[in-house]
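[1] Fold the following for me, if possible:
(4 chains)
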Protein chains: 2
Amino acid sequence: MAVSTSTSPPAVSGNDTGETMCPHRLVLEHVTSRWGVLVLIELLDRPYRFSELRRAIGRVGKGVSEKMLTQTLQTLERDGLVHRDARPVIPPRVDYSLTDLGREAAEQVRGLAEWTQRRMGAVQEARERYDVRKAAAAQG
Amino acid sequence: MAVSTSTSPPAVSGNDTGETMCPHRLVLEHVTSRWGVLVLIELLDRPYRFSELRRAIGRVGKGVSEKMLTQTLQTLERDGLVHRDARPVIPPRVDYSLTDLGREAAEQVRGLAEWTQRRMGAVQEARERYDVRKAAAAQG
DNA sequence: CGGCATCCACACAGATACTG
DNA sequence: CAGTATCTGTGTGGATGCCG
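    Residues are numbered from 1 along each chain as shown, chains lettered A, B, ... in the order given. Next comes the predicted model:
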């Protein structure tokens, strides 16, 4: 039967088990979730179709499984960040885009991503220093 | 014997298995990781001691296990975002604070968190609309 | 093509015990 | 107090196969 009482999407990251937790924490988890981040950033450029989005994300790094992309999009749609436009044609065509709300979130996320790229060098150096210090300490 | 060739911390989130992945993606994952986000935000206020930080995070939501906090802090330290100041006293005292680099990241993250809080209402409404639509569609 | 259902592996995350 | 080490359960996330 599948459907049962299970409403909402499986939730991208973390358990939405209705715990004693401030609700905005959950939204934050959705937005900062592994694929949520990337989806928002990609959609900031322009609307994407499902597979197109999948490929676009795959391009950046390792790639997202179709299941995870579906989950992520559903969660973001439910939170009102992503708009889903399903056209009843054959073959099916579904376009995803940011809502105004989603655009706000995505811009924040993009800021973070851009910072990461800008400062990557500094992070690399810090890592090397850390590793060297660790190695030395292991000897000492 | 434990140490072996495994250098660096276990990595907060995602597998740092040395895949074919842009390095900045990893940093982004660290920063946006479940506890990384919260740690950075808390440390933006002031330095914290280990347990103090643990309690501070527990206050906001469900709470972080000591193990996860350790892991998160180590990862962020390695990336050069967090400074660890261990004093050789008894009882031990370790203070964690943001580096300049970390402060930049934390401010980005805080921006995101603040946005989430501001827009929580809109998200809630969107969710209700979504759920209603879904319920209606299920009836068909 | 877009999405859902099922199965499964593995890493994340918790509990516990121990060290400095 | 601030970790480390180990053992274990659970859930995330991936692969596959089937529907609209």
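[2] quick one: the helices in chain A?
    A:23-32, A:34-45, A:50-60, A:66-78, A:100-118, A:120-139 (DSSP state H).
[3] for chain A, which spans come out with low pLDDT?
    Along chain A, the parts satisfying pLDDT under 70 run over A:1-21, A:60-61, A:140.
[4] Does A:R119 touch B:R103 like I think?
    No. In this structure A:R119 lies outside contact range of B:R103 using Cβ atoms under 8 Å: 11.4 Å. Heads up, the C-betas are built off the backbone N, CA and C, glycines and all.
[5] More neighbours: those two, which one.
    For the pair A:R119 and B:R103, the greater number of neighbours falls to A:R119 (19 against 15), based on other Cβ atoms under 10 Å in any protein chain shown.
[6] Show the contacting residues for that one.
    If a contact means Cβ atoms under 8 Å, 6 or more residues apart in numbering or on different chains, then A:R119 has B:L101, B:E104, B:A105 as its contacts.
[7] Would you mind naming what in chain A lies close to DNA strand C?
    By the criterion of Cβ under 7 Å from any atom of the strand, the positions of chain A lying close to DNA strand C are A:2-3, A:49-52, A:66-67, A:70, A:73-74, A:84, A:86, A:91-94.
[8] Would you mind measuring from the spatially most central residue of chain A to chain B?
    By Cα atoms, centre = their mean, the mean C-alpha position of chain A lies nearest to A:G36, the distance being 1.2 Å. A:G36 sits 9 Å away from chain B when distances are taken as Cβ to the nearest Cβ, to the nearest Å.
[9] still on that earlier bit, which one (most neighbours) among the contacts of A:R119?
    For these, neighbours were counted using other Cβ under 10 Å, and B:A105 has the most, 29 neighbours in all.
[10] ok so, going back, you'd agree the residue nearest to the centre of chain A is up against A:H30?
    Yes. Here A:G36 reaches A:H30: they are 5.6 Å apart, a contact under Cβ under 8 Å.
[11] Select only the buried ones of the residues of chain A next to DNA strand C in ChimeraX?
    Typed into ChimeraX, the next command selects the buried ones out of the residues of chain A next to DNA strand C (criterion: 16 or more other Cβ atoms under 10 Å in any protein chain shown):
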select /A:50,73,74
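[12] For DNA strand D, tell me which of the residues of chain A next to DNA strand C show up nearby.
    Filtering the residues of chain A next to DNA strand C for neighbours of DNA strand D using Cβ under 7 Å from any atom of the strand leaves A:E66, A:K67, A:P91, A:P92.
[13] Now the two most distant members of those.
    Using Cβ to Cβ, those span at most 20.1 Å, a distance reached by A:K67 and A:P91.
[14] Can you tell me the closest non-neighbouring residue to A:V39?
    For A:V39, ignoring the flanking residues on the chain, the nearest one in space by Cβ to Cβ, 6 or more residues apart in numbering or on different chains is A:T72 at 5.6 Å.
[15] now do A:E66
    The spatially closest residue to A:E66, leaving aside those adjacent along the chain, is A:R54, at 6.6 Å (Cβ to Cβ, 6+ apart).
[16] Now for that neighbour: which residues touch it?
    Residues counted as contacts of A:R54 (Cβ under 8 Å, 6+ apart) are A:G63, A:V64, A:E66, A:L69.
[17] Go again with 7 Å.
    Contacts for A:R54 (Cβ atoms under 7 Å, 6 or more residues apart in numbering or on different chains) come out as A:V64, A:E66, A:L69.
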